[in-house]
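Chemist: Quick one: sequence and predicted model below, then my questions.
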Amino acid sequence: MHEQFDVIIVGGGMVGAALSAALGQEGMRVALVEAGQAPAPVDDNHLDLRVSSLNLASQQLLESVGAWSLIPPARRCPFRHILAWDIHGHGETRFSAESIDLEDFGSFVENRVIRHALWTRLTDMPTVECLCETAPIAQLSGHDRVMLELDNGRLLAGSLLVGAEGASSGVRERAGIRLDVTDYQQRALIINVETTLPQQDISWQRFTPEGPQAMLPLPGHHASLVWYGDPDQTAAREALDDEALKDAVEREFPSRLGGIERVLGRASFPIRRQHARQYTASRTVLVGDAAHVVHPLAGQGLNLGLQDVIALHERLRTARANGKDLGGLATIGRYALERRPQTLAMMAATETFHRVFTGGEGLRSAGSAALALAERLPQAKQWMMRRALGI
């Protein structure tokens, strides 16, 4: 005997939980399937290594589902300026929120804090059922519904199945959707540090031939540093003890970092690009990293996923209001037509930055000149800022 829902969402991370909350607020019957446990409360002062940049469109989504107010202000770090420059050139460009009449660009927030806030909202939504510590083992799409069998024996049916379980999406694989993958042969080392400087409102990035060095401000005297390099370089840095890593950062990072009191944690991950050849299949749709993984140098991965949520929510809300099929081609096809070109544009931009600033001397010089030129074109900068903010 199957259980009937409007939408079945597989993956309870930030993107899947946000979509569940948005649809739950519409009164849709949603099953959220999560292989792990429900997120635990964040009741400590430890800053997690996994941090995301939330632009204004993403913040507005969290506000609309009632999750933003559940993120303590002490766990948010608003940023008002972005600075980018090339280590070997003279090109530098600064973006400031006030130049487009905004107070800030958004906030840096720990992933676990965002996820817990969203799950807290889900507990207040009677039409959303969260199924934890269980995973799909089979899916079958028919003429008027899609069926999902779980490893705990439950059988779910719905008008639409959403794959939101990340880059290794099982929904995508079972739907037969193929991937294009580019491995950059790089790793990014994430280092949480206690800084000498107080809380900052600027995020900066310096381009080097081996990859960017970036500083993401965190609440209080804290920052998340991102140090790109080839896999061997990164492994050697990650293996250093705290004092040696602190010395290496202070030696190799720009002086505007202002000094480090101590290293609080570190981890690394491979850099690759991944794009589903299609975002939809029969009664199936992909969102977030299940659909696309972009180079992280622009910090737009989560924002792209939440833009998927905004677009899909609007398509499903409209279809429901007009009595249309939530999983029909007319509904999910429009979502794909809207989101795929926008994602391709972001992929092209990040790919260009990577190739230019890690390329030969001629390319790097051209990149430096482009940064300098951008600084002298305020209208172009304003257009880029609004595009990145999703407004």
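Modeler: Good, I have the coordinates. The shown structure was predicted, so the numbers you read here are calculated from the model rather than taken from an experiment. Residues are numbered from 1 along each chain as shown.

Chemist: Tell me, how many residues neighbour residue 183?
Modeler: By other Cβ atoms under 10 Å, 10 other residues sit near residue 183. C-beta coordinates here come from the backbone N, C-alpha and C atoms, glycine included.

Chemist: Dig out what it forms beta bridges with.
Modeler: residue 272 (DSSP bridges).

Chemist: Could you pull up the residues touching it?
Modeler: 270, 271, 272 (Cβ atoms under 8 Å, 6 or more residues apart in numbering).

Chemist: Quick check, pLDDT for it.
Modeler: With respect to pLDDT, residue 183 has a value of 94.

Chemist: ok, now residue 55?
Modeler: pLDDT recorded at residue 55 is 93.

Chemist: rewinding a little: the contacts of residue 183, buried ones only, as a ChimeraX selection?
Modeler: Buried residues among those (16 or more other Cβ atoms under 10 Å), as a ChimeraX selection:
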select :271
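
Chemist: Let me know the closest of the contacts of residue 183 to residue 182.
Modeler: The shortest approach to residue 182 among these belongs to residue 272, at 6.2 Å (Cβ to Cβ).

Chemist: how close does the closest one get to residue 184?
Modeler: 6 Å (Cβ to Cβ, to the nearest Å).

Chemist: Could you do residue 260 as well?
Modeler: From residue 260 to residue 184 the distance is 27 Å (Cβ to Cβ).

Chemist: same check, this time on residue 253
Modeler: 21 Å.

Chemist: what residues does stretch 317-325 touch?
Modeler: 6, 26, 28, 144, 159, 326, 328, 330, 331.

Chemist: Counting neighbours, which bits of it end up buried?
Modeler: Neighbour counts over stretch 317-325 (16+ other Cβ under 10 Å) mark 317, 319, 320, 325 as buried.

Chemist: Next: stretch 11-31.
Modeler: So, applying 16+ other Cβ under 10 Å, buried residues of stretch 11-31: 11-25, 28-31.

Chemist: now swap in stretch 147-164 and tell me
Modeler: The neighbour-count check on stretch 147-164 (16+ other Cβ under 10 Å) flags 147, 148, 150, 156, 157, 158, 159, 160, 161, 162, 163, 164 as buried.

Chemist: cool, stretch 180-200 as well?
Modeler: Neighbour count says stretch 180-200 has 184, 186, 187, 188, 189, 190, 191, 192, 193, 194, 195, 200 buried, by 16+ other Cβ under 10 Å.

Chemist: helices and strands of the chain: which one has the lowest mean pLDDT?
Modeler: Of all helical and strand segments in the chain, the minimum by mean pLDDT, DSSP states H and E falls on helix 361-375, at a mean of 61.

Chemist: quick one: residue 222 and residue 47, what's the gap?
Modeler: In this structure, residue 222 and residue 47 are 6 Å apart, going by Cβ to Cβ.
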